[in-house]
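Participant: Sequence and predicted model, in that order:
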2 protein chains.
Amino acid sequence: MNISMKSRYAVRALTELSRRDESEPGKPVPLGDIAGARGMPLQFLEQVFAALRRAGIVRSRRGASGGYSLARPATEITVLEVVAALDGVPSPAECTQGLCDRADRCGAASVWIEAQQALETVLGTTTVGDLLAREDALRGGAPMYHI
Amino acid sequence: MNISMKSRYAVRALTELSRRDESEPGKPVPLGDIAGARGMPLQFLEQVFAALRRAGIVRSRRGASGGYSLARPATEITVLEVVAALDGVPSPAECTQGLCDRADRCGAASVWIEAQQALETVLGTTTVGDLLAREDALRGGAPMYHI
DNA sequence: TCATTTCCGATAATTCCAGTCAAGAATAGG
DNA sequence: CCTATTCTTGACTGGAATTATCGGAAATGA
């Protein structure tokens, strides 16, 4: 199972959302702002955030001065659950989901299972908060050359 | 990241091929035998093995009593290179292939890169020989637990 | 009321996947 | 040489997934 644009947009958008949540905690941010800030198609983001809301990752408020806000602190939202909400649990091969009836006598299944576990470890231990911190490090810590 | 049927068939087929290579080393095995032994569509396997040959993983001999044989010992063929030959290097997101022009200022790229590295570690350290050994362990009835 | 914004379903364009089909070329054995 | 076997290659297809876009409905604050 692939990590699609939906998941990638979601991660970017949540990073942006948590950036804004730092300055004005809890205040809803319109999707249009987020889409604009990161160059993502608004109507596609709407689909993405609908799924994020159903998964309990963001909260929404409708109407004027509405928008989306984080349902939990950014440091408690893992990349894994974001991906799971949009693409399902990422698995390199279907064997790893009990769909392979040969798994009990197929040595190959084990390697796909190990691969999936490695993926889950990385994605499950990285939070949106981490990504925001990394982004800040890139912006601030990157060498600044003057023209 | 998609590990397609091609790669999965390839891994299964190479395991079968190395099993036969054990009893009669270097002897070409017709694809029909391999397809039959593991219930895989022959004509699809032909595509798969054409790619494996181009990648230098197997050798072919045409004609009667021809077939495919391993180009190297099974213990020197990693699952990673098999997957790479058929699906390309597995990557969870395109960012990790230099296609994302935002990578230098996008904190999200880092997590996809780490995920890819974790995948490559698992797949790159498992060989077809390992899979054959695991399969034998499974057949021998001894349950095998791997950490 | 009105502008804003989320919500929801339909649809379209494109690409990918898994598998099939068909014709051709090389080879061993007789 | 003849023939069955086997690899080689490319085109093709049906279905599914991906990546959106469109149009409007419902809620909400000013």
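Facilitator: Sure, I can see it.
Participant: use CA for all of it now, contacts and neighbours both
Facilitator: Will do.
Participant: Residues of chain A that sit close to DNA strand C?
Facilitator: A:29-32, A:43, A:46-47, A:49-50, A:53, A:60-68 (Cα under 7 Å from any atom of the strand).
Participant: Among these, name the buried ones.
Facilitator: With burial judged by 16 or more other Cα atoms under 10 Å in any protein chain shown, the buried subset of those is A:Val29, A:Pro30, A:Leu31, A:Phe49, A:Arg53, A:Ser60, A:Gly67, A:Tyr68.
Participant: The third one contacts A:Leu42, correct?
Facilitator: Yes - counting by Cα atoms under 8 Å, a contact exists between A:Leu31 and A:Leu42, whose distance comes to 6.9 Å.
Participant: quick one, strands of chain A?
Facilitator: Here chain A has its strands, by DSSP state E, at A:58-61, A:67-70.
Participant: dump the residue contacts of the residue nearest to A:Met40 when sequence neighbours are not counted.
Facilitator: In space, and not counting its chain neighbours, A:Met40 is closest to A:Tyr9: 7.3 Å by Cα to Cα, 6 or more residues apart in numbering or on different chains. Shown in contact with A:Tyr9 (Cα atoms under 8 Å, 6 or more residues apart in numbering or on different chains): A:Met40, A:Leu45, A:Val48.
Participant: what's the burial count for the first one?
Facilitator: By that I understand A:Met40. By other Cα atoms under 10 Å in any protein chain shown, 16 other residues sit near A:Met40.
Participant: try the second one
Facilitator: Other residues lying near A:Leu45 total 19 when counted by other Cα under 10 Å.
Participant: repeat for the last one
Facilitator: For A:Val48, the count of nearby residues is 19 (other Cα under 10 Å).
Participant: check contacts around it.
Facilitator: By Cα under 8 Å, 6+ apart, the neighbours of A:Val48 are A:Lys6, A:Ser7, A:Tyr9, A:Ala10, A:Leu86.
Participant: Look up how far A:Ala118 lies from it.
Facilitator: Separation of A:Val48 from A:Ala118 (Cα to Cα, to the nearest Å): 26 Å.
Participant: And A:Asp87, by the same measure?
Facilitator: A:Asp87 sits at a distance of 18 Å from A:Ala118 (criterion: Cα to Cα).
Participant: Show me which of those two is the more surrounded one.
Facilitator: Taking other Cα under 10 Å, A:Asp87 and A:Ala118 do not tie; A:Ala118 has more neighbours (20 against 16).
Participant: which residues touch the helix or strand of chain A with the lowest mean pLDDT?
Facilitator: Ranking every helix and strand in chain A by mean pLDDT, DSSP states H and E puts helix A:128-141 at the bottom, with a mean of 88. Helix A:128-141 is contacted by residues A:11, A:14-16, A:18-19, A:73-79, B:104-108, B:111 when judged by Cα under 8 Å, 6+ apart.
Participant: starting at the chain centroid, how far to that helix?
Facilitator: Offset of helix A:128-141 from its chain centre (Cα atoms, centre = their mean, to the nearest Å): 15 Å.
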